[in-house]
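Participant: predicted model and sequence below, questions to follow.
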Amino acid sequence: MSLEWATSGDSAPAGPETRDATNAAGDDNGDGRAFRARSGRKVQSINPATNQVLAEFDAAEVRDVQAAVADARRAAPAWRALGPGGRARYLVRLKEALFRRRHDLAALITREAGKPRLEALLAEVMVALDGLNYLAGHGPGFLEPESVPHQNLAVRFKRGRLEYEPYGVIGIISPSNYPFSIPMNQIGAALIAGNTVVLKPSEFTPQAGLGIHAIAEEARLPAGVLSVVVGDGLTGAALAGSAIDKLVFTGSVATGKRIQAELVARLLPTVLELGGKDPAIVCADADLDLASSGLVWGAFTNAGQACLSVERVYVVREVAARFAALCAEKARGLRVGAGDDPDTEVGPLIRERQLKIVEDHVAEAAASGATVLTGGRRLNPGGLAGFFYEPTVLTGVHHGMRIMREETFGPVLPIMTVADEAEAVRLANDSPFGLSASIWTRDLARGERLARSLEAGSVMVNDCLSSFGIAEAPHGGFKLSGLGRTHARVGLLEMVRVKYIDVDLLPKLPKLWWFGYDSRAGRLMERFVEFLLAPSFWTRARGALGVFVRLPGRLRSMRKTS
Ligand code: NAD
């Protein structure tokens with residue numbers, strides 16, 4: 001498959017070369033990796049800057065999804081048999097194919113998701129490239145069996161080992177905000193671990209999902225190893241309900257909860273990467289120029305549609321006015337427009353529905369006494385008909401407002417003045433979410449101390465969001481922000497079943513804990529426990545003596561009965 005379809009302009013292309021899933025039992029175009037169905041339901045790829053339809057796809061139905069999972073199941077044994085080294089070579093090929101296609105893909109992501117080209121290149125393509133690079137390089141080492149030395153004398157003659165086995169087929173359901181780098185990193189981890197994958201991209205970004213399929217094809221992944229099923233929430237539900245072995249879901253808390261409620265009866269293992277309301281704390285000693293630049297970027301990058309977006313700031317009173325003024329000045333200077341203009345810094349929101357949520361949050365805050373320092377309105381930059389909203393800075397906010405409690409997922413930076421750091425920490429933790437947070441201070445020790453007191457899956461000191469792009473950093477949340485982790489070694493280990501294998505090196509040696517219980521055996525074991533685990537030296541010594549005296553008799557009687 002070429003990416004020509006992905007690089008054409010704003011007219012609907014003929015559609016990617018994909019398998020026709022009306023014949024999902026296997027009568028397909030032979031590639032075995034991508035599906036296109038005719039359920040009657042449609043998903044549209046829309047340019048959110050222009051509100052023009054780029055392409056329309058039929059949503060895959062239950063049987064299409066099941067067929068993709070069946071393909072993945074068939075492909076799994078051979079893929080697993082390649083071993084981590086063999087699979088790493090495919091990841092390198094994926095990386096190389098992605099590198100060759102980086103400009104096409106960045107352009108496609110900008111058109112379909114609206115983000116500036118620079119962000120598409122860095123936060124999508126580069127993060128995916130770096131993730132594949134990391135997994136190909138380190139994955140095989142992380143998957144090596146680990147020996148487990150035994151501390152207890154009673155089991156010293158056994159050799160323990162941890163082995164990491166693939167689950168089989170991993171289902172991945174993705175959101176629209178980082179439609180490429182999120183699934184690509186999860187796919188890389190699933191594949192290197194020996195699983196095959198079925199991906200369901202967001203209904204708002206089907207072409208980014210098919211871009212992943214195109215890369216897989218260019219890298220000549222074996223058929224069935226990576227399938228993409230394009231569709232809506234029902235397609236996602238079909239994937240969650242199919243015969244997969246684990247689900248990795250990224251999306252809103254509401255959808256995550258719904259999926260988990262469905263899956264709990266099956267005890268299907270899940271990773272849930274959900275929403276956030278990420279706080280930032282600005283200390284009195286912060287470099288205010290740095291903090292305001294960092295937090296303006298953290299709130300407005302991807303038009304505020306990052307799971308790790310800075311969604312609320314707590315600034316201590318003595319620097320609050322100056323900090324808020326700097327943020328307002330910098331937000332006012334941001335260039336809003338279509339992402340394919342190289343000067344654009346803030347693009348549109350993904351859809352009208354998201355724009356409406358942002359408007360409602362800001363309107364409610366303003367009606368409850370918040371001050372809009374800058375922004376607070378829809379925009380149509382250059383006459384564009386898309387879903388733009390002005391970068392908005394609010395002060396005078398409090399925790400009674402939705403803007404401080406619910407995920408806004410838009411270009412809004414609410415700033416709350418607090419008396420001191422203790423109040424900032426208390427308010428930061430006063431949230432059902434716990435994805436990430438940031439601390440801004442010149443005192444790095446203070447930054448680390450405050451980081452430890454925050455209830456969040458990751459905390460950055462003097463930066464925000466960029467932990468998502470650090471391949472070694474695990475990603476995931478506390479509280480409602482999710483379950484499990486993706487990225488890094490911890491995320492890779494989510495893609496494997498841990499098996500413990502134990503080999504007895506002296507099988508002829510009688511096992512004292514086997515049958516043949518009687519009062520003499522009981523006394524011996526009492527001494528044995530004392531010998532091994534008593535806190536006092538003298539009790540241990542008495543135990544050792546008792547074991548020495550009674551052990552030969554116990555061994556003799558065990559040999560007789562065995
Ligand atoms: P969403 O929950 O609306 O949709 C996510 C995916 O779930 C889509 O592919 C959708 O089709 C699918 N889906 C919808 N209903 C489903 C169902 N019943 N069963 C199975 N799948 C279903 O989320 P969104 O609007 O695309 O993404 C934004 C949300 O995702 C925000 O809350 C954001 O914070 C969160 N997010 C979290 C992370 C993270 O890593 N923690 C990363 C990115 C986005």
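Facilitator: Alright, I've got the coordinates.
Participant: remind me which helix or strand residue 280 belongs to.
Facilitator: strand 278-282 (DSSP states H and E).
Participant: which other helices and strands contact the helix or strand following that strand?
Facilitator: Per DSSP H and E, the first helix or strand lying C-terminal to strand 278-282 is helix 288-300. On a contact count with 3 or more CB pairs under 8 Å, 6 or more residues apart in numbering; DSSP states H and E, helix 288-300 meets strand 278-282, strand 310-316, helix 317-332, strand 412-418, strand 436-440. The way it works is simple: take the backbone N, C-alpha and C, and place the C-beta from them, glycine included.
Participant: what does the first one contact?
Facilitator: With CB atoms under 8 Å, 6 or more residues apart in numbering as the test, strand 278-282 has contacts from 288, 291, 295, 298, 308-316, 319, 323, 421, 424-425, 427-428, 431, 433, 435-440, 450, 454, 456, 464.
Participant: what of the last one?
Facilitator: Contacts made with strand 436-440 from outside it, assessed by CB under 8 Å, 6+ apart, are listed as 276, 278-283, 286-287, 290-291, 294-295, 298, 308, 310, 428, 446-447, 450-451, 454, 456-465, 467, 477.
Participant: for residue 349, phi and psi?
Facilitator: Note on residue 349: its backbone torsions stand at phi -80, psi 160 [degrees, to the nearest 10].
Participant: which residue sits closest to it, ignoring its sequence neighbours?
Facilitator: Excluding the flanking residues, the one nearest residue 349 by CB to CB, 6 or more residues apart in numbering is residue 387, at 4.3 Å.
Participant: hang on, residue 183 is in a helix, isn't it?
Facilitator: Yes: according to DSSP: H, G, I helix; E, B strand; the rest coil, the state of residue 183 is that of a helix.
Participant: how about the nearest residue to residue 273, chain neighbours excluded?
Facilitator: Nearest one to residue 273, counting by CB to CB, 6+ apart, is residue 250 at 4.1 Å.
Participant: cool, residue 293 as well?
Facilitator: Counting by CB to CB, 6+ apart, the residue nearest residue 293 is residue 330, at 6.4 Å.
Participant: what number of residues lie near that neighbour?
Facilitator: Using other CB atoms under 10 Å, residue 330 has 20 neighbouring residues.
Participant: quick one: contacts for it?
Facilitator: Counting by CB under 8 Å, 6+ apart, residue 330 touches 292, 293, 296.
Participant: quick one, what contacts residue 95?
Facilitator: Contacts for residue 95 (CB under 8 Å, 6+ apart) come out as 129, 132, 133, 136.
Participant: can you tell me which of those residues are in helices?
Facilitator: Mapping those onto helices (DSSP state H) picks out 129, 132, 133, 136.
Participant: I'd say the second one and residue 91 touch.
Facilitator: Yes: taking contact to mean CB atoms under 8 Å, the distance of 5.2 Å between residue 132 and residue 91 places them in contact.
Participant: spit out the residues that contact the two alike.
Facilitator: Residues touching both residue 132 and residue 91 (CB under 8 Å, 6+ apart): residue 188.
Participant: more crowded one of these two?
Facilitator: Legend: neighbour count by other CB under 10 Å for residue 132 and residue 91, higher for residue 132 (32 against 26).
Participant: so how far is residue 121 from that one?
Facilitator: Distance of residue 132 to residue 121, given as CB to CB, to the nearest Å: 16 Å.
Participant: mind checking how far residue 503 is from residue 159?
Facilitator: Taking CB to CB, one finds residue 503 at 5 Å from residue 159.
Participant: repeat that for residue 124.
Facilitator: From residue 124 to residue 159 the distance is 45 Å (CB to CB).
Participant: quick one, which of these two is more surrounded?
Facilitator: More crowded of residue 124 and residue 159, by other CB under 10 Å: residue 124, with 27 against 14.
Participant: so who does that one touch?
Facilitator: Per CB under 8 Å, 6+ apart, neighbours of residue 124: 105, 106, 109, 115, 178, 179, 180, 181.
Participant: now render these as JSON lines, adding secondary structure, neighbour count and pLDDT.
Facilitator: Listed next are the contacts of residue 124 as JSON lines, based on DSSP: H, G, I helix; E, B strand; the rest coil; neighbours: other CB atoms under 10 Å; pLDDT from 0 to 100:
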{"residue": "105", "secondary structure": "helix", "neighbour count": "27", "pLDDT": "98"}
{"residue": "106", "secondary structure": "helix", "neighbour count": "24", "pLDDT": "98"}
{"residue": "109", "secondary structure": "helix", "neighbour count": "28", "pLDDT": "98"}
{"residue": "115", "secondary structure": "coil", "neighbour count": "32", "pLDDT": "98"}
{"residue": "178", "secondary structure": "coil", "neighbour count": "30", "pLDDT": "98"}
{"residue": "179", "secondary structure": "coil", "neighbour count": "27", "pLDDT": "98"}
{"residue": "180", "secondary structure": "coil", "neighbour count": "28", "pLDDT": "98"}
{"residue": "181", "secondary structure": "helix", "neighbour count": "24", "pLDDT": "98"}
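Participant: for stretch 78-93, buried residues please.
Facilitator: Of the residues in stretch 78-93, 79, 80, 84, 87, 88, 90, 91, 92, 93 count as buried by neighbour count, 16 or more other CB atoms under 10 Å.
Participant: before we move on, back to that, isn't the residue nearest to residue 349 right next to residue 348, touching?
Facilitator: Yes: Residue 387 lies in contact with residue 348 (CB under 8 Å); the separation is 4.5 Å.
Participant: shared neighbours, the two?
Facilitator: Taking CB under 8 Å, 6+ apart as the criterion, residue 387 and residue 348 both touch 48, 114.
Participant: neighbour count winner among these two?
Facilitator: Neighbours of residue 387 and residue 348, each counted by other CB under 10 Å, are more numerous for residue 348; the result is 32 against 26.
Participant: three-state assignment of the more buried one?
Facilitator: coil.
Participant: tell me which element the closest residue to the ligand within the stretch 301-450 of the chain is part of?
Facilitator: Proximity of the stretch 301-450 of the chain to the ligand (CB to the nearest ligand atom) peaks at residue 307, 3.1 Å away. Under DSSP H and E, no helix or strand contains residue 307.
Participant: contacts only, for the closest residue to it other than its chain neighbours.
Facilitator: Spatially, and ignoring its direct neighbours in sequence, residue 307 is nearest to residue 276 (5.4 Å; CB to CB, 6+ apart). Shown in contact with residue 276 (CB under 8 Å, 6+ apart): 307, 308, 309, 311, 407, 433, 434, 435, 436, 477, 481.
Participant: if we go to 7 Å?
Facilitator: 307, 308, 407, 433, 435, 436, 477, 481 (CB atoms under 7 Å, 6 or more residues apart in numbering).
Participant: for those, which two are the farthest from each other?
Facilitator: 407 and 436 (12.8 Å; CB to CB).
Participant: returning to what we had before: now the angle from the strand holding residue 280 to helix 288-300?
Facilitator: 170 degrees (axes from the mean of the first three to the mean of the last three CA atoms, to 10 degrees).
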